[in-house]
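In: Quick check, what structure comes out for this input:
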Amino acid sequence: MTRSPIPPPRSATRNPRSPTTTPLITQAEAELADAQQREEAQYELFCKRVREMEEQGTVSYWSVLFKATSFSDLLGRLDIVNEIMDYDRQVIQDLQNLQAEIEEKKNRAGSQQGSGQRQGGA
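Out: All right, here's what the predicted structure looks like:
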């Protein structure tokens with residue numbers, strides 16, 4: 001009669017930091033850190049833009065348009081105003097997108113770690 005080998009304990013077979021899960025967690029942490037750095041840079045750009053607007057004072061887009069001296073000047077001013085508004089909108093949108101991306105990566109990293117801990121604890 002031959003004996004079968006003793007199986008390893010369950011905790012040893014389902015290690016949450018096993019070689020297969022560690023790279024995934026490390027990659028998620030790296031992606032999160034990268035997104036946080038990009039968000040920080042975007043926030044700095046946003047703060048710089050707000051500071052510039054405060055230093056320049058409140059300038060009404062209408063007043064810029066009404067100071068036009070000719071129809072072609074008006075069209076040129078309108079293009080510039082539109083470009084400024086689009087830029088400001090894009091800065092804010094990029095910042096919001098990065099914040100949402102960070103939140104998603106945090107949630108995903110938390111769920112990956114949580115599922116790894118649940119497997120190890122079973």
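
In: burial of L78, as a residue count?
Out: Using other C-beta atoms under 10 Å as the criterion, L78 is surrounded by 14 other residues. For the C-beta atoms, the positions are set from N, CA and C on the backbone; glycine is no exception.

In: Oh, that last question was meant for I80, not what I typed.
Out: Around I80 there are 13 other residues, counting by other C-beta under 10 Å.

In: Distance of it relative to V59?
Out: 12 Å (C-beta to C-beta, to the nearest Å).

In: now Q37
Out: From Q37 to V59 the distance is 33 Å (C-beta to C-beta).

In: what do you get for D73?
Out: Distance, D73 to V59, using C-beta to C-beta: 17 Å.

In: so which helix or strand takes in the most centrally placed residue in the chain?
Out: In the chain, the residue lying closest to the centroid (C-alpha atoms, centre = their mean) is L98, at 2.3 Å. Element membership for L98 (DSSP states H and E) is helix 71-121.
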